[in-house]
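Novice: Following is a predicted model, sequence given first.
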Amino acid sequence: MFLIGDTLVSLDILEKDFCCDLDTCHGCCCVEGDAGAPITDEECQLVEQILPVLLPDMTKQAREVVQEQGISYLDPSCERVTSIVNNKDCVFARTDKNGWCYCLIEKAYNAGKIPFKKPISCHLYPIRVSQLPSVAASARPLNGSEASSKLVALNYHRWDICHCARVLGKKKHLKVYQFLKEPLIRRFGQAWYDELCLTAQEWEKQCKQK
């Protein structure tokens, strides 16, 4: 792992190929799995504020779930996640007549109806962010960064349904961190992302020299 600011970045994020292939997967990550998407308390407040915009387009089942338990719940690991329908579908997911899944929050954002794009955990996937108590001994501070007492770890999550994304990423020569430029900048800032790119370039040089 590499230390960049207050984040520990998995080597996989610099080395693995990835590029979402919606033409193949049809956005099935919104309706697969057994839990909702991680969502912060601040994001919950934002979604509550824009909920009146989203409700008309939600399915009847999704509206019933939200009415009964709200837009989120605590999963078995005590992480707050978006509510789901039938133990699978995110309440904010819809499927069109062609079988494509899409996010109602993102759709409303793209239409200029709301200022919130979607939970950052969704935007960052396949990167998953977790809080750490202290710096790990395996971190590689190539850039001279020093650890702080509040660290987050960025790891690459490998999911079978994303096989097509790995194939397309290899075809396009796109690494995970390159494909996720926009959400990484959204979450950590431009300066952080620039440092990540420099670290990736330095690591690539070192690998070629071996």
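Specialist: Yes, it's here.

Novice: Which of the residues in the worst-scoring helix or strand of the chain on mean pLDDT are classified as buried?
Specialist: Lowest on mean pLDDT, DSSP states H and E among the helices and strands of the chain sits helix 22-25, with a mean of 86. Buried positions in helix 22-25, judged by neighbour count with 16 or more other C-beta atoms under 10 Å: Cys25. Placement of C-beta: from N, CA and C, glycine included.

Novice: what's the following helix or strand after it?
Specialist: Per DSSP states H and E, helix 22-25 leads on to helix 41-54 as the next helix or strand towards the C-terminus.

Novice: residues touching Glu106, list them.
Specialist: Contacts for Glu106 were tallied using C-beta atoms under 8 Å, 6 or more residues apart in numbering; they are 117-118.

Novice: I'd like to know the average pLDDT value across the helix or strand containing it.
Specialist: Assessed by DSSP H and E, Glu106 sits inside helix 104-110. Averaged across helix 104-110, the pLDDT comes to 96.

Novice: can you tell me how far the residue nearest to the spatial centre of the chain sits from Phe188?
Specialist: Of all residues in the chain, the one closest to the mean position by C-alpha atoms, centre = their mean is Leu124, 2.5 Å from it. Distance of Leu124 to Phe188, given as C-beta to C-beta, to the nearest Å: 10 Å.

Novice: again, but for His123
Specialist: From His123 to Phe188 the distance is 12 Å (C-beta to C-beta).

Novice: Please say which of those two ends up with more neighbours.
Specialist: Shown here are His123 and Phe188; by other C-beta atoms under 10 Å, Phe188 has more neighbours (21 against 18).

Novice: Who are the contact partners of the residue nearest to the centre of the chain?
Specialist: 180, 183-184, 187.

Novice: In space, what's closest to Ala200 - neighbours in sequence excluded?
Specialist: Leu14 (4.6 Å; C-beta to C-beta, 6 or more residues apart in numbering).

Novice: Flag every buried residue along the helix or strand hosting that neighbour.
Specialist: Per DSSP H and E, Leu14 falls inside helix 11-15. In terms of neighbour count (16+ other C-beta under 10 Å), helix 11-15 has its buried residues at 12-14.

Novice: can you redo those residues as a markdown table with pLDDT?
Specialist: Output for the buried residues of helix 11-15, formatted as a markdown table (pLDDT from 0 to 100):
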| residue | pLDDT |
| --- | --- |
| Asp12 | 96 |
| Ile13 | 96 |
| Leu14 | 96 |
